[in-house]
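Novice: Predicted model follows, preceded by the sequence.
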Amino acid sequence: MTDHPELDQRLATLWRVESPRLIARLMRLVGDLDTAEELAQDVFVAAIEKWRQDGVPDNPAAWLNTTARFLAVDRIRRRDTRRGKYHLVAASQPQAVEHDPDEIVDGDLAEDLLGLIFMACHPILSPDARSALTLKLVCGLSTDDVARAFLTPAPTIAQRIVRAKRTLAAAKVRFELPPESERPARLDAVREVIYLVFNEGHSATSGDQWIRGDLCAEALRLGRMLAALTPSDTETLGLLALIELQASRLRARTGPDGEPVLLLDQDRTRWDRLLIQRGLANIDRIERLGGTVGPYALQAAIAACHARATVAEDTDWERITALYDGLARISPSPVVELNRGVATAQAFGPAAGLEVVLPLLDVPGMRDYHLLYAVAGDLLCRSGAHEQAREHFLRAAAITRNGVERRTMQGRAAECVAGHALST
Amino acid sequence: MRYMVMHYQTQEMEDGVLPSAEQQAAIGQYMQEAAMSGVLLSGEGVSSSSEGARVQVDDGNVRVIDGPFAEAKELIAGFAILEVDSLDEAVEHARKFALLVGTERVDVRRVVEFEDLQRGR
C-alpha cells in the first residue's frame, strides 16, 4: 500500500492481470513457487518505488516483465555464486555483473501458464487447497478475495495456502510440464478444480445466497484459459461449453426475492445469448476435432439441448434421456442417475422417472442429499401421491443447508397439502 | 462485467493497406494472450469502408450512402468483448492492444446488461 490511492488501485488491477503470467514465467526461471512468488512481490515493490516518483509508464506490463526477468537473473546468479559455481569468474571479473536479461529466453507463455496451473492443481494437494491455490495464483486474487469467494475466514484460507505450498515444497514439486503419458490424468485434475469452483458458485452449498456469481466468473475465466492453452483437448472444450451454457442461465435462475427458479420455469429471454453462442460453437468444435464421449462433453451436449429450445416445451427430452443413459454408462453416479430420472420423467412420464429415482432412496450416500427428496417429491406430486410427496419435500427442507432452498421446499410441501385437499 | 473495446481505423487501414507481417503477428500475439488470460469473449475486425455502406436517417428519410467515407479516424476498425472485473482491468487490456497493434485510439465502453434495463423501467 502506498499513500497514493490511485496508484494503489492501478497496482491492484495490474496484479490481477499480470501476476499469473509473471509468477508463471518466474517459476520457469527459478524453478520453485516460493521464490517465484517472492520475486513477483519484489517486482511490485520496485514498481511502487519507481512509479511513485516517475509516474506509471505507458506500458506497465512490459516494465513489470523486464523487471521480473532482471530480478530472476540476479537471483539465479547470486544463487550460483553462493554455490561457488561461478566463484572464479566473479572474483576475476568483478565488473562483469551487467547481465543482459534478453539472454534468458522468454519461452512459451502458454507452457509457463500451463505449468503454473498444473502445480496449483497438483494431485498431492487436497481439493480445498487446490481451489484456493488456483484462485490465488492463476486468477491473481488476493487471499482476502479468495476468502470472500468461499465465505471462509481469511486466516483459514491463508493457512490453507501456506500449508499447500509447504506440501508442494516438501514433495519437491518444481516447475514442470508433466510427460505426455501423465497429461490426461493431470488435465482431469485441473478440470475437476475448475468444475468444483463453478459448482460452488452455481449452487452454493452454504450461505444465504443461492448463486455466488463471483465464483462462477472465476471458474469461467479459468476454463477459457485452459481451453486457450490446450486448444485441441476435447474434454476441456466440453468443460468450457458446459459451464458457459450453465452460466448463460444464471440471470434467469433467481426470482425477484432471490428464490431459485427451475430450468423449465425460467424466462428464456433472459438467457445470455453470447454465452450460449460460445457454448454451442465449442460443441461444434469438439465435433470437428473428432468428437468425444467424455463426461464433460456429454453434459455439455445435454446443456446444449436446453439452450437450443427457445421455449421449454420444445426441449428434446428423448435426446437428453439418451445422453444421460450414455453418461450413466461412462461415469455412473447416484447424482447422474437422479438427473437421468428427471429426464426420463420428462420424456416418458413421472412413473417411468420414479422407476429410476426411487431406488436411489436406498443408496447410503444419498440419504442426506436434499435434491433427491426434492425430485422424488416432485415426481410423486405429479403422479398424484400428494401425501408421500409432502413427506419428501419436508425431508428435503430439513436437510438442505441453503436457506433459500429450505423455504422453497417448505412452500412445495404446503402446496401438497392444498393439492391433497383438492384431489380428495 | 463486460466491456466492448473498439479500435479505430488508421488512414493506412482505410486505404486498404494490409497489415504488415509484423503487424499481423502482433495482432495474433495479442489475441492469443487475451485468450490465455481468459477474458476474451468475442472479437472481430472490419475492412476498409470502401467495402461498406452507411444508412443515414434525416427527418425520417432514409439515405444509403456507399463507402468509402472521409475521416478515417472516426471509423471503427474492430471490436472485442471482454469479461473483466472493472473498467480498470479492461483499460489495461486495451492499452496492451493499442501498443501492440499500433492503433491510435481505442474506446473502452461497458456493455449494457439486462439489469441496467430493469433499472430504467
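Specialist: Thanks, I have it. The shown structure was predicted, so the numbers you read here are calculated from the model rather than taken from an experiment. Numbering: from 1, shown residues only, chains lettered A, B, ... in the order given.
Novice: Low-confidence ranges, chain B, go.
Specialist: B:119-121 (pLDDT under 70).
Novice: Let's see that with 80 instead.
Specialist: B:101-102, B:114-115, B:117-121 (pLDDT under 80).
Novice: What segments of it are helices?
Specialist: B:11-14, B:21-36, B:87-101, B:114-120 (DSSP state H).
Novice: mind listing what's buried in the first one?
Specialist: Neighbour counts using 16 or more other Cβ atoms under 10 Å in any protein chain shown place B:13-14 of helix B:11-14 among the buried residues. Where you see a C-beta, it was placed from the backbone N, CA and C, and this is true even at glycine.
Novice: May I have the residues that are in contact with the nearest residue to B:Ser86 once chain neighbours are set aside?
Specialist: With sequence-adjacent residues excluded and distances taken as Cβ to Cβ, 6 or more residues apart in numbering or on different chains, B:Ser86 is closest to A:Thr13, at 6.7 Å. Going by Cβ atoms under 8 Å, 6 or more residues apart in numbering or on different chains, A:Thr13 touches B:86, B:88-89, B:92.
Novice: Adding neighbour count as columns, could you present the residues you listed in JSON lines?
Specialist: Shown next, in JSON lines, are the contacts of A:Thr13 (neighbours: other Cβ atoms under 10 Å in any protein chain shown):
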{"residue": "B:Ser86", "neighbour count": "15"}
{"residue": "B:Asp88", "neighbour count": "16"}
{"residue": "B:Glu89", "neighbour count": "21"}
{"residue": "B:Glu92", "neighbour count": "22"}
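Novice: quick one: which of the residues you listed is nearest to A:Val73?
Specialist: B:Glu92 (25.6 Å; Cβ to Cβ).
Novice: measure that closest one to B:Ala34 for me?
Specialist: 11 Å (Cβ to Cβ, to the nearest Å).
Novice: Just the buried residues of stretch A:47-58, please?
Specialist: For stretch A:47-58, using 16+ other Cβ under 10 Å, the buried residues are A:47, A:51, A:56.
Novice: Output the set of residues of chain B in proximity to chain A.
Specialist: Residues of chain B lying close to chain A (Cβ under 8 Å from any Cβ of the partner chain) are B:32-33, B:35-42, B:81, B:83, B:85-86, B:88-89, B:92-93, B:95-96, B:99, B:114-115.
Novice: From those, list just the buried residues.
Specialist: Using 16+ other Cβ under 10 Å, the buried ones in those are B:33, B:35-41, B:81, B:83, B:85, B:88-89, B:92-93, B:95-96, B:99.
Novice: List phi and psi for residue 52.
Specialist: I'll assume chain A. Main-chain dihedrals, A:Arg52, degrees, to the nearest 10: phi -60, psi -40.
Novice: meant chain B actually
Specialist: Per degrees, to the nearest 10, the backbone of B:Gly52 is at phi -120, psi -170.
Novice: Correct me if wrong: it contacts B:Ile76.
Specialist: No: with contact defined as Cβ atoms under 8 Å, B:Gly52 and B:Ile76 do not form a contacting pair (10.6 Å).
Novice: Can you give me the neighbour number for the nearest residue in space to B:Phe79 that is not next to it in sequence?
Specialist: In space, and not counting its chain neighbours, B:Phe79 is closest to B:Met6: 4.6 Å by Cβ to Cβ, 6+ apart. Using other Cβ atoms under 10 Å in any protein chain shown, B:Met6 has 17 neighbouring residues.
Novice: B:Met6 contacts B:Gly78, doesn't it?
Specialist: Yes: using Cβ under 8 Å, B:Met6 makes contact with B:Gly78 at a distance of 7.3 Å.
Novice: Any stretches of the stretch 1-150 of chain A with poor pLDDT?
Specialist: Counting by pLDDT under 80, the low-confidence segments of the stretch 1-150 of chain A come to A:1-3, A:80-107.
Novice: In it, what residue comes closest to chain B?
Specialist: A:Thr13 (4.2 Å; Cβ to the nearest Cβ).
Novice: Please identify the helix or strand for that residue.
Specialist: A:Thr13 belongs to helix A:5-30 when assigned by DSSP states H and E.
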